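S.K.: Quick one, fold the following:
(one chain, ligands or ions: 2)
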Amino acid sequence: MIGGTSIGKTICSICYEDLKPLVEDLQAISICGHVFHELCLQQWFEYCSSAKKCSCPVCKQSCSASNVNRLYFQSVGDSNDLILSQNVEDEDPRELRGQVQRLEVKVKGLSSLLERQGKELKDVNDQVNSIAFLDTSNIGVISGIEEIRVGISLFYFIFLLILFGCD
Ligand SMILES: [Zn+2]
Ligand SMILES: [Zn+2]
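M.R.: Numbering: from 1, shown residues only. Ligands and ions are numbered 1, 2, ... in the order given. Model (predicted):
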């Protein structure tokens, strides 16, 4: 804690924020034991299930939203003291500035990629619209295109993960 050392920090591999067992709701995937924020994991499974293939964000073992366990920690002492000291740690201005700088570099590098992907998405949508217009009875083609759309959404999710995660 002194000097903002990051040795032994536990983080959520979805949002890359610290895991704070006593003040946050945490869940573990029961198959592999990896731990995440409850909200992060729920959102992950929402995205996963739209692609019909769920896996652990860390080790890629396949799992489903039912393979999670809520974690409960026992503590001694006043938990208010803990919240206070963690907040002080979070507000280390030097560390925050460093994080902001790293993120700015990342945003610059990735925004042009996002632009390109946005154009491709528009092309796919144009194709979907024209095909649907030509032959609305061809359900096979349309569902195939839906899968492409889902794939692209998943790509965006992963993109956002990269964007908001820091190394
Ligand atoms: Zn998280
Ligand atoms: Zn895992």
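S.K.: Tell me which stretches of this protein form strands.
M.R.: 26-29, 35-37, 68-70 (DSSP state E).
S.K.: Now tabulate those strands in CSV and tack on distance to ligand 2 and mean pLDDT.
M.R.: Every C-beta, even on glycine, is put in place using the N, C-alpha and C of the backbone. CSV is the format used below for the strands of the chain (distance: least, Cβ to the ion, whole Å; pLDDT from 0 to 100):
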stretch, distance to ligand 2, mean pLDDT
strand 26-29, 5, 97
strand 35-37, 9, 97
strand 68-70, 11, 95
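S.K.: And these: which comes nearest ligand 1?
M.R.: When the strands of the chain are compared by Cβ to the ion, strand 35-37 sits nearest ligand 1, at 3.3 Å.
S.K.: What about S111, how many residues nearby?
M.R.: 10 (other Cβ atoms under 10 Å).
S.K.: If you could redo that for I29, that was the one I meant.
M.R.: Neighbours around I29, by other Cβ under 10 Å: 25.
S.K.: Quick check: it touching V68?
M.R.: Yes. Counting by Cβ atoms under 8 Å, I29 does reach V68; the two are 5.8 Å apart.
S.K.: okay, and the common contacts of the two?
M.R.: L41 (Cβ atoms under 8 Å, 6 or more residues apart in numbering).
S.K.: re the thing from before, mind putting the strands of the chain in CSV, distance to Q61 included?
M.R.: Output for the strands of the chain, formatted as CSV (distance: least, Cβ to Cβ, whole Å):
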stretch, distance to Q61
strand 26-29, 8
strand 35-37, 14
strand 68-70, 13
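S.K.: and the gap between V76 and P21?
M.R.: When distance is defined by Cβ to Cβ, to the nearest Å, V76 is 13 Å away from P21.
S.K.: Comparing the two, which shows the higher neighbour count?
M.R.: P21 (15 against 5).
S.K.: Tell me the buried residues in stretch 21-37?
M.R.: Going by neighbour count (16 or more other Cβ atoms under 10 Å), the buried part of stretch 21-37 is L26, Q27, A28, I29, H34, V35, F36, H37.
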